[in-house]
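Colleague: just a sequence and a predicted model for now, questions to come.
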Amino acid sequence: MATFAPSTHCPSSSPYSNDSSVINRFHQRVALSSIRPKQCRPRKLSLQQSSRPKAVQLQDGASTKKASSAKSDGVVNILKDGILSVPPVTPPEESIDVAKFDYDKENSTVSITVVGASGDLAKKKIFPALFALYYEGCLPKHFTIFGYARSKMSDAELRTMVSKTLTCRIDKRENCGEKMDQFLERCFYHSGQYDSQENFLELDKKLKEHEDGRVANRLYYLSIPPNIFIDAVKCASKSASAANGWTRVIVEKPFGRDSESSAALTRSLKQYVDEDQIFRIDHYLGKELVENLSVLRFSNLIFEPLWSRQYIRNVQFIFAEDFGTEGRGGYFDNYGIIRDIMQNHLLQILALFAMETPVSLDAEDIRNEKVKVLRSMRPLQLDDVVIGQYKSHTRGGVKYPAYTDDKTVPNDSLTPTFAAAALFIDNARWDGVPFLMKAGKALHDRRAEIRVQFRHVPGNLYNKNIGTDVDLATNELVIRVQPDEAIYLKINNKVPGLGMRLDRSNLNLLYAARYAKEIPDAYERLLLDAIEGERRLFIRSDELDAAWSLFTPVLTELEKKKIVPEYYPYGSRGPVGSHYLAARYKVRWGDVGSEQ
Ligand SMILES: NC(=O)C1=CN([C@@H]2O[C@H](COP(=O)(O)OP(=O)(O)OC[C@H]3O[C@@H](n4cnc5c(N)ncnc54)[C@H](OP(=O)(O)O)[C@@H]3O)[C@@H](O)[C@H]2O)C=CC1
Ligand SMILES: O=C1O[C@H](COP(=O)(O)O)[C@@H](O)[C@H](O)[C@H]1O
């Protein structure tokens with residue numbers, strides 16, 4: 001039984017059940033279009049033809065009317081490549097402010113409470129993301145931020161702590177210091193226990209003072225270890241939920257460690273909050289290139305027709321970090337890389353990659369398709385998994401530690417810090433196509449990418465110019481999520497000259513070269529969405545169940561059989577076993593080799 005007050009934007013019943021979903025979607029759309037300030041409206045389709053100099057923006061249907069009205073405003077140039085462009089125009093200060101705060105109805109407020117404010121994630125990600133949103137004018141006019149944790153701190157001490165982590169994303173941003181001071185004035189702290197209703201009542205009292213009689217909306221970000229999620233939600237729900245606005249809870253991963261514990265967590269949460277109040281965060285869904293995946297597929301004619309077993313040989317999801325579990329060994333040892341990265345981040349990307357076309361961009365339509373594709377997947381088999389653990393390695397006189405050198409990790413730990421897996425989707429579109437995943441810590445580089453390897457060209461006229469390794473000449477689409485965000489397509493072309501030599505080149509969209517603006521952090525996007533009640537990038541409980549169903553059997557088997565991981569040196573490319581696994585399915589990892 002939920003005790004949080006119902007949301008004013010969304011009915012408290014399940015968002016994907018019968019009639020309420022229609023009402024809910026309607027409310028969400030209205031909420032989105034009415035409260036998000038103009039420059040924070042990524043949901044609205046806007047085709048930007050060129051970024052430097054600033055191009056005419058063609059919104060919602062790319063109407064020529066808009067383009068011609070821009071022309072009548074003054075200077076429009078036709079660039080060499082046929083793109084309409086106008087010099088950047090800065091509207092008068094006042095008009096920007098009106099646009100920014102058009103949602104700021106005087107009588108509503110949002111309070112954001114970071115539960116676990118003294119912790120690593122709060123300092124590293126949450127406060128900086130909130131400041132960036134404030135800097136960009138994306139937070140509502142009336143907002144308050146509270147830090148809540150057991151540590152004793154005054155408001156001033158919290159501000160000092162927060163200020164140390166804040167930077168303007170681009171050094172030369174205007175008025176950064178001034179904005180920072182204004183932001184910090186809106187940050188407060190309350191010290192309390194996570195299981196004390198009395199302490200949450202004190203918080204409630206303070207929140208009310210700041211809400212000052214306005215319609216009060218409250219967002220709780222649970223940035224605490226999972227064993228205290230339920231206590232905190234219970235206390236927030238019973239003692240500090242919004243009296244007349246919405247109350248939402250952002251829950252950080254891990255959402256359990258297998259099917260059973262995840263279902264138990266959801267059941268316990270639902271004693272105090274409804275599903276539509278729970279925002280399960282997977283920060284990879286907030287990354288720019290993951291967001292772009294659907295745009296790439298569904299708004300370009302050239303990709304979607306190729307998006308199936310007919311043209312795609314295999315798909316690879318690769319995550320690598322060039323550092324170990326430094327500082328988080330205690331948490332990590334209870335989870336391991338499969339739970340830490342594969343079951344959530346990589347599987348979420350896979351679902352977006354492989355799902356059928358959703359009915360609309362509505363959160364429930366997208367999440368329905370993701371659940372469908374996850375349910376079509378074959379549970380992972382032990383034979384299709386390779387695990388590894390990093391060992392100490394000395395390079396250039398520097399000794400890099402083994403995983404088990406971490407004081408919080410048992411010496412005999414078998415927890416994998418690397419895993420590779422082959423997954424399959426048993427549906428008409430993907431039958432027989434291997435979806436390979438690889439994730440590891442303490443590897444030779446840091447990257448997250450999707451690689452799509454296409455089939456061979458049948459009866460290729462140029463086979464004799466290609467050489468014996470035909471696989472090397474197939475097209476490959478790479479979506480590089482990080483670092484250096486990029487989308488590139490490997491094609492074959494002729495080397496200029498009188499002979500007939502083939503070359504492999506990249507058609508390359510490198511974000512840093514194409515866009516002057518820095519890419520926002522994933523947490524900014526997700527926090528803004530949670531404030532606005534946009535659930536598209538958050539995990540619904542049935543998605544979570546489907547994800548755990550795929551991985552739980554193999555995780556149980558690995559642990560029961562005490563499978564020993566293959567040891568790989570810190571800073572290496574990981575266990576060779578991952579190559580044997582790929583070779584079994586006639587796949588070569590795309591991130592290996594000179595031309596990646
Ligand atoms: N850090 C990261 O990079 C990431 C973290 N996460 C998840 O986010 C959440 C927060 O992570 P993180 O900030 O690293 O966590 P921390 O370990 O830093 O814990 C956050 C705060 O919770 C309190 N706390 C810690 N341990 C306990 C305990 N045993 N009992 C009661 N309170 C405790 C402490 O505050 P105090 O003592 O002041 O009460 C601490 O400052 C976790 O669920 C984590 O799994 C997810 C992705 C990445
Ligand atoms: O969720 C997690 O993600 C980080 C990697 O995130 P990124 O945005 O820096 O790529 C990972 O280090 C951590 O182990 C994991 O819990």
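Modeller: In hand now; what should we look at? Residues are numbered from 1 along each chain as shown. Ligands and ions are numbered 1, 2, ... in the order given.

Colleague: just checking, what packs against the longest helix seen in the chain?
Modeller: For the chain, the helix with the greatest residue count under DSSP state H is helix 541-560. For helix 541-560, the packing partners by 3 or more CB pairs under 8 Å, 6 or more residues apart in numbering; DSSP states H and E come out as helix 259-272, strand 278-281, helix 347-354, helix 363-375, strand 385-391. All C-beta atoms are positioned from the backbone trio N, CA, C, and that covers glycine.

Colleague: save these as JSON lines, and put in distance to Val470, mean neighbour count and mean pLDDT too.
Modeller: Below are the helices and strands packed on helix 541-560 laid out as JSON lines (distance: least, CB to CB, whole Å; neighbours: other CB atoms under 10 Å; pLDDT from 0 to 100):
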{"stretch": "helix 259-272", "distance to Val470": "42", "mean neighbour count": "17", "mean pLDDT": "96"}
{"stretch": "strand 278-281", "distance to Val470": "43", "mean neighbour count": "23", "mean pLDDT": "97"}
{"stretch": "helix 347-354", "distance to Val470": "25", "mean neighbour count": "23", "mean pLDDT": "98"}
{"stretch": "helix 363-375", "distance to Val470": "30", "mean neighbour count": "20", "mean pLDDT": "98"}
{"stretch": "strand 385-391", "distance to Val470": "26", "mean neighbour count": "24", "mean pLDDT": "98"}
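
Colleague: what's the closest of those to ligand 1?
Modeller: Closest to ligand 1 of the helices and strands packed on helix 541-560, according to CB to the nearest ligand atom: strand 278-281, at 8.1 Å.

Colleague: after the closest one comes which helix or strand?
Modeller: helix 288-298 (DSSP states H and E).

Colleague: and for the residue of the chain found nearest ligand 1, the neighbour number?
Modeller: Proximity of the chain to ligand 1 (CB to the nearest ligand atom) peaks at Gly119, 2.4 Å away. Using other CB atoms under 10 Å, Gly119 is surrounded by 17 other residues.

Colleague: ignoring the adjacent residues along the chain, who's closest to it?
Modeller: Closest residue in space to Gly119, ignoring its immediate chain neighbours: Ser223 at 5.7 Å, by CB to CB, 6 or more residues apart in numbering.

Colleague: same check on Ala242?
Modeller: Nearest to Ala242 is Arg218, by CB to CB, 6+ apart, at 4.4 Å.

Colleague: and what of Ile519?
Modeller: Ile519 sits nearest to Glu288 (CB to CB, 6+ apart), 4.7 Å away.

Colleague: look up how far ligand 2 lies from the most far-flung residue of the chain relative to its centre.
Modeller: Distance from the C-alpha centroid of the chain, by CA atoms, centre = their mean, peaks at Leu498 (48.5 Å). The spacing between Leu498 and ligand 2, counted by CB to the nearest ligand atom, to the nearest Å, is 48 Å.

Colleague: ditto for Asp276
Modeller: Taking CB to the nearest ligand atom, one finds Asp276 at 24 Å from ligand 2.

Colleague: repeat for Val371
Modeller: 22 Å.

Colleague: and if you look at Ala442?
Modeller: With distances taken as CB to the nearest ligand atom, Ala442 is found 11 Å from ligand 2.

Colleague: where does that residue fall, phi/psi-wise?
Modeller: When read as degrees, to the nearest 10, the backbone of Ala442 gives phi 60, psi 40.

Colleague: does it touch Tyr400 like I think?
Modeller: Yes - look at Ala442 against Tyr400 with CB atoms under 8 Å: they come within range, at 7.2 Å.

Colleague: and the closest residue in space to Leu166 that isn't next to it in sequence, what element?
Modeller: Nearest residue to Leu166, sequence neighbours excluded (CB to CB, 6+ apart): Phe131, at 4.8 Å. Element membership of Phe131, judged by DSSP H and E, is helix 127-135.

Colleague: which other helices and strands contact the following helix or strand past that helix?
Modeller: Remark: after helix 127-135, the chain's next helix or strand is strand 143-149, criterion DSSP H and E. Applying 3+ CB pairs under 8 Å, 6+ apart, we find strand 143-149 packed against strand 108-115, strand 187-191, helix 197-211.

Colleague: strand 143-149 vs ligand 1: in contact?
Modeller: Yes - applying CB under 6 Å from any ligand atom, one finds strand 143-149 touching ligand 1 at Ala149.

Colleague: so for that strand, mean pLDDT?
Modeller: Average pLDDT, strand 143-149: 98.
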